[in-house]
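In: just coords:
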């Protein structure tokens with residue numbers, strides 16, 4: 001009789017162990033990395049991005065939507081300084097994609113972006129452009145002080161990164177004082193491009209990527225790296241974003257080979273992840 005009880009007890013123990021082992025095998029392993037999943041519910045991200053990024057981001061967006069169909073993107077393009085001020089004033093934004101470190105640094109100092117999400121994604125260069133049919137014999141930025149050069153369009157020195165870089169170039173080349181009467185300012189780098197395209201400015205300082213977008217302008221000269229701070233585009237999640245995980249998913253996607261190839265296609269340099 002006792003042997004029968006012993007066998008029943010042994011069967012119960014073995015059965016319990018089998019169930020426990022099966023459950024453990026079916027559960028997620030602590031050592032197995034978990035794949036980033038698409039949110040089950042639709043999410044809309046607001047991305048405040050520098051004006052110079054508009055064309056390339058709009059080209060990349062369909063690729064992102066194909067990979068993450070429940071994450072929609074709403075863009076707010078403008079001068080990085082203006083976008084910085086909007087975020088400081090509480091405007092809704094999930095991601096800030098700046099054309100310079102200065103504006104990102106200002107938000108970071110106030111705790112308005114998640115520091116661990118910040119990445120330097122892109123690089124660019126600064127060029128001097130003129131209307132495509134211009135007869136100006138200018139091949140060097142130092143020639144802007146010459147009498148034959150009239151209106152020089154630049155971004156606002158305080159709020160537009162392209163304008164800040166232009167100011168650095170003019171200062172380095174001892175041109176700033178000589179150009180004061182020639183300068184006209186725009187609130188975005190795309191505004192500078194438009195001024196030159198229309199002929200309202202004889203020349204303008206824009207990013208190389210902006211110049212490549214228009215057949216109505218030509219590049220006269222490129223600012224050397226020694227005349228301005230490095231042109232780097234940082235990106236980060238805004239601290240009060242209601243969708244930080246989805247925002248990080250987008251930032252990660254922008255560092256994939258597919259996205260980086262698109263950035264290169266539009267003339268940007270890419271920073272290795």
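Out: Perfect, thanks for sending it. Nothing here was measured: the structure is a model prediction, and the numbers come from that model.
In: Quick one: residues contacting the closest residue to residue 269 other than its chain neighbours.
Out: Setting aside the residues directly before and after it, residue 269 is nearest to residue 123 in space (Cβ to Cβ, 6 or more residues apart in numbering), at 3.6 Å. No exception for glycine: its C-beta is placed from N, CA and C like everyone else's. Going by Cβ atoms under 8 Å, 6 or more residues apart in numbering, residue 123 touches 230-233, 268-271.
In: same thing but at 7 Å, please
Out: Shown in contact with residue 123 (Cβ atoms under 7 Å, 6 or more residues apart in numbering): 231-232, 268-269, 271.
In: Same check on residue 117?
Out: 236-237, 248, 251.
In: Make a markdown table from the residues you listed and add secondary structure to it.
Out: Listed next are the contacts of residue 117 as a markdown table, based on DSSP: H, G, I helix; E, B strand; the rest coil:
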| residue | secondary structure |
| --- | --- |
| 236 | strand |
| 237 | strand |
| 248 | helix |
| 251 | helix |
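In: quick one: which helix or strand includes the residue nearest to residue 271 when sequence neighbours are not counted?
Out: Nearest in space to residue 271, with sequence neighbours left out and distances taken as Cβ to Cβ, 6+ apart, is residue 120 at 4.8 Å. Here residue 120 sits within strand 119-123, counting by DSSP states H and E.
In: From the contacts of residue 117, list just the buried residues.
Out: The neighbour-count test (16 or more other Cβ atoms under 10 Å) marks 236-237, 248, 251 as buried among those.
In: Contacts for stretch 60-69, please.
Out: Contact with stretch 60-69 is made by 38, 73, 249-250, 253, 258-259, 262, as judged by Cβ under 7 Å, 6+ apart.
In: hmm, try it at 10 Å
Out: Residues outside stretch 60-69 that contact it (Cβ atoms under 10 Å, 6 or more residues apart in numbering): 36-39, 42-43, 45, 47, 53, 57, 71-73, 75, 246, 249-250, 253-254, 256, 258-263, 266.
In: again with stretch 265-273
Out: 52-53, 55-57, 59-60, 119-125, 207-213, 231-234, 252, 254-257, 259-264.
In: related to what we said a few turns ago, just the ones of the contacts of stretch 60-69 in strands?
Out: Among these, the members found in strands (DSSP state E) are 43, 45, 47, 71-73, 75.
In: Quick check: of those, which has the highest neighbour count?
Out: residue 47 (23 neighbours; other Cβ atoms under 10 Å).
In: For beta bridges, what are the partners of that residue?
Out: Counting by DSSP bridges, residue 47 forms beta bridges with residue 75, residue 95.
In: quick one, what contacts it?
Out: Residues in contact with residue 47 (Cβ under 10 Å, 6+ apart) are 53, 57, 61, 73-77, 83, 93-97, 235, 238, 247, 250-251.
In: ok, it to residue 72 distance?
Out: Per Cβ to Cβ, to the nearest Å, residue 47 is found 11 Å from residue 72.
In: same deal with residue 42?
Out: 7 Å.
In: cool, residue 231 as well?
Out: 30 Å.
In: Identify each of the strands in this structure and give its residue range.
Out: For the chain, the strands defined by DSSP E occupy 43-50, 71-78, 95-97, 119-123, 126-131, 152-155, 183-186, 203-207, 217-222, 232-237, 269-270.
In: where are the low-confidence patches of this protein?
Out: Scanning the chain with the threshold set as pLDDT under 70 gives 1-39.
In: For residue 204, which non-adjacent residue is spatially closest?
Out: Residue 204 sits nearest to residue 153 (Cβ to Cβ, 6+ apart), 3.7 Å away.
In: which residues touch the one you found?
Out: 129, 163, 166, 182-186, 189, 191-196, 200-206.
In: how about a cut-off of 7 Å?
Out: Residues near residue 153 by Cβ under 7 Å, 6+ apart: 184, 186, 192, 195-196, 201, 204.
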